[in-house]
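[1] give me a model of this one.
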Amino acid sequence: MPPKRYIIPLVLGTVTSLHYFLSPSSSTGYGRLASFGSLQEQLRLPSLTNTTSITTSTTTLTTTSTTSTTSTTAAVEPYPSNATDVSQSFHNDTQEHRANATFVFLARNSDINGVVASVQSMEDRFNRKYKYPWVFLNDEPFTEEFKRRVSILTDAPISFGLIPPEHWHQPEWIDEDRARMGRQRMMIKGIIYGGSVPYRNMCRFNSGFFFKHELLQPYRYYWRVEPSVKFFCDLNYDPFLYMEEHDKVYSFTISLEEHEPTVPTLWDSVKEFIDQYPQFIEPQNSMDFLSNDGGKKYNLCHYWSNFEIADMDFWRGEAYTKFFEFLEEKGGWYYERWGDAPVHSIAASLFARRDQIHFFRDIGYRHENFQHCPSGDQWSEGRCACDSQDSFDYTDHSCLKRFESLF
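    Prediction:
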């Protein structure tokens, strides 16, 4: 029998970034929008459009201001005032030992305690030895207190970026009356985040825009981290280099079934795309992970994207670009509640070879309320702090068996 702790949460479906978008917000541009818990909550819009970048090392820190797509800038005080730039020498000194990679962390200022816990966990278990850079992104400027508390946790470079409004907000062409009705129906059914516009903004951003952010342009690989997650085991090798050396484009630790009411028309859109762009479908694809009948119906399996190590060049490529643009025209992020997890999973399964997707069995990881814990030698060699008998891997609603059956 699967652990009881996993049964009830499964009805919630894909809950990426559970911490992130529950608070009420204010609205400009397209009226009062329903959000989780109330039809009268409003969507918060950021007040700035510039990006603040802060690079840290063991003893120094620099702050730079860059111009956004709307060509507006804001004065930024150095943090701290005696900082100098050593990021270039840092990269040169370690370049031959590391991949071109970074951590990506989407967070609000109010998430600071959960952010600190996640960064500390990652640093203690892996990054204190490898010193890969961190990129933090927010739809509003990070506070000095947020940056101060994060910066003392690592010797690696850190950048803090502001998300451009056009990458975050509900597009003006979305029929708000139709979208509002969809949110109301989901709220009546009690679907988690069913009424939240900010949650939908996050899913759309993670689906089609994060890899376009200027702070991520220098990098190819990323490891997504979220507040209040746990990394249970020591990593004595570099997962980024593993991805690079073994030609992997996407990796995961947890896979599960999506909540069907959040994606009622997604698979129909996918089949339309396949019919229109058959040239993008990889012959050695993983359709059997997504469908039990050769593609007629979606079995709801996906990789839980709050943990993912992946190749941003894959997202930046022609196949995924066309795929996202095709889905964008459907408006499903707002008319329904499409998540970035099924979108990423479907794309990786269709556009990449099945052997380019990797299960990091030895990375112990928890995002409430699910966890993956290694077993056997991997558990002991990693000094894992989790119970190897308490893992979501082979419970009833896990899709891991289906992934393993591909090989």
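[2] where are the low-confidence patches of the protein?
    1-96 (pLDDT under 70).
[3] where exactly do the strands run in it?
    51-56, 61-66, 101-106, 134-138, 158-162, 221-225, 230-231, 250-252, 255-257, 301-303, 308-311, 357-359, 365-367, 370-372 (DSSP state E).
[4] residues contacting the third one, please?
    Contacts to strand 101-106, defined as Cβ atoms under 8 Å, 6 or more residues apart in numbering, come from residues 17, 20, 115, 118-119, 122, 127, 132-138, 202, 205-206, 210, 216, 219-226, 240. For every residue, glycine as well, the C-beta is placed using N, CA and C.
[5] go again using 6 Å as the cut-off
    132-137, 219, 221-225, 240 (Cβ atoms under 6 Å, 6 or more residues apart in numbering).
[6] quick one on the thing from earlier: could you dump the strands of the chain into a markdown table and include distance to Gln284?
    Shown next, in a markdown table, are the strands of the chain (distance: least, Cβ to Cβ, whole Å):
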| stretch | distance to Gln284 |
| --- | --- |
| strand 51-56 | 39 |
| strand 61-66 | 41 |
| strand 101-106 | 25 |
| strand 134-138 | 32 |
| strand 158-162 | 36 |
| strand 221-225 | 22 |
| strand 230-231 | 31 |
| strand 250-252 | 14 |
| strand 255-257 | 19 |
| strand 301-303 | 18 |
| strand 308-311 | 17 |
| strand 357-359 | 11 |
| strand 365-367 | 27 |
| strand 370-372 | 26 |
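[7] now those strands as a markdown table including mean neighbour count and distance to Arg149?
    Putting the strands of the chain into a markdown table (neighbours: other Cβ atoms under 10 Å; distance: least, Cβ to Cβ, whole Å) gives the following:
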| stretch | mean neighbour count | distance to Arg149 |
| --- | --- | --- |
| strand 51-56 | 23 | 12 |
| strand 61-66 | 16 | 14 |
| strand 101-106 | 24 | 13 |
| strand 134-138 | 23 | 12 |
| strand 158-162 | 25 | 11 |
| strand 221-225 | 22 | 15 |
| strand 230-231 | 22 | 19 |
| strand 250-252 | 25 | 29 |
| strand 255-257 | 21 | 32 |
| strand 301-303 | 27 | 31 |
| strand 308-311 | 24 | 25 |
| strand 357-359 | 19 | 33 |
| strand 365-367 | 23 | 21 |
| strand 370-372 | 24 | 26 |
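[8] out of the ones you listed, nearest to Met186?
    Nearest to Met186, of all the strands of the chain, is strand 255-257, at 17.7 Å by Cβ to Cβ.
[9] can you list the residues that contact the closest one?
    Strand 255-257 has contacts (Cβ under 6 Å, 6+ apart) with 300, 303, 397-400, 403.
[10] out of the residues you listed, flag the one nearest to Tyr334.
    Closest approach to Tyr334 among those (Cβ to Cβ): Leu300, at 20.6 Å.
[11] these two touch, right, the closest one and Glu258?
    Yes: Leu300 lies in contact with Glu258 (Cβ atoms under 6 Å); the separation is 4.3 Å.
[12] hang on, the earlier thing: among the contacts of strand 255-257, who's most crowded?
    Of all the contacts of strand 255-257, the highest neighbour tally under other Cβ atoms under 10 Å goes to Tyr303, namely 28 neighbours.
[13] got the contact list for that one?
    If you count contacts by Cβ under 6 Å, 6+ apart, Tyr303 has them with 252, 255, 345.
[14] contacting residues for the residue nearest to the last one when sequence neighbours are not counted?
    Nearest residue to Ser345 in three dimensions, chain neighbours excluded: His302, at 3.7 Å (Cβ to Cβ, 6 or more residues apart in numbering). Taking Cβ under 6 Å, 6+ apart, we find His302 in contact with 258, 341-342, 345.
[15] output these in CSV, with neighbour count and distance to Asp293 appended to each entry.
    What follows is the contacts of His302, written out as CSV (neighbours: other Cβ atoms under 10 Å; distance: Cβ to Cβ, whole Å):
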residue, neighbour count, distance to Asp293
Glu258, 22, 17
Ala341, 26, 22
Pro342, 28, 18
Ser345, 27, 18
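[16] now render these as CSV, adding distance to Gln284.
    Shown next, in CSV, are the contacts of His302 (distance: Cβ to Cβ, whole Å):
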residue, distance to Gln284
Glu258, 24
Ala341, 23
Pro342, 21
Ser345, 17
